[in-house]
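*Asks:* Sequence and predicted structure, then a few things I'm wondering about:
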Amino acid sequence: MAAPLPTNAKRRRAVAAELDRAADACARQGALLTELRRSVLGLILEAEGPLTAYRLLDRLRETRKRAVPPTVYRALDFLLEHRLIHKLERLNAFVSCAETGREHPVQFLICRQCGGVTEIEDRAAANALEHAAERQGFHPRNAVVEIEGTCAACFQPTGT
Ligand SMILES: [Zn+2]
Ligand SMILES: [Zn+2]
């Protein structure tokens, strides 16, 4: 590995701080962020974008040679259950959650050009969906909305 740049050091500190917050969030929920779970969450936090379970496994094996798919899946289940990450069904991939353990409405904006994913938290949109479901006599439990399109940076206005 190359010598870490100052920006990398800064980023590592930010990830470490986020991991400490996650450990606290787990403790409040009576759970333990084990070293393995911490490693998996750390990889997700360090990633530039969403990571699939297999990409995670590859990265995890750099430090834990014996890691197998169930190792990763169990850790991911734990992190999902304790609201430290989100799963993007459309991409079958995982991203960290900025809210660290707090339950919140979530919508994702997925850019088809750069692959960037932005998490937004629009309570009104979530309520509207919940009410629409309830009008059908449906009891919603979990609603993650994934919106595909083009992000502001990639968007090229056509015409003129
Ligand atoms: Zn979130
Ligand atoms: Zn984009």
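*Replies:* Happy to help now that I have it. Residues are numbered from 1 along each chain as shown. Ligands and ions are numbered 1, 2, ... in the order given.

*Asks:* How many neighbouring residues does the closest residue to ligand 1 within the chain have?
*Replies:* Closest approach between the chain and ligand 1, counting by Cβ to the ion: C97, at 3.2 Å. Every C-beta, even on glycine, is put in place using the N, C-alpha and C of the backbone. If you count neighbours by other Cβ atoms under 10 Å, C97 ends up with 21.

*Asks:* is it true that it touches H86?
*Replies:* Yes. Using Cβ atoms under 8 Å, C97 is in contact with H86, at 5.4 Å.

*Asks:* Touching both of these two, which residues are there?
*Replies:* 106, 119 (Cβ atoms under 8 Å, 6 or more residues apart in numbering).

*Asks:* Kindly report the residues of this structure close to ligand 2.
*Replies:* Proximity of the chain to ligand 2, by Cβ under 5 Å from the ion, involves residues 111, 113-114, 116, 151, 154.

*Asks:* give me that answer again for 6 Å
*Replies:* Taking Cβ under 6 Å from the ion, the part of the chain that reaches ligand 2 is made up of 111, 113-114, 116, 151, 153-154.

*Asks:* Using a markdown table, lay out those residues together with distance to R55.
*Replies:* Putting those into a markdown table (distance: Cβ to Cβ, whole Å) gives the following:
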| residue | distance to R55 |
| --- | --- |
| C111 | 19 |
| Q113 | 20 |
| C114 | 17 |
| G116 | 16 |
| C151 | 21 |
| A153 | 23 |
| C154 | 22 |
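
*Asks:* Filter the residues you listed down to just the buried residues.
*Replies:* Buried members of those, scored by 16 or more other Cβ atoms under 10 Å, are 111, 116, 151.

*Asks:* In strands, which of those appear?
*Replies:* With strands defined by DSSP state E, the entries of those inside them are C111.
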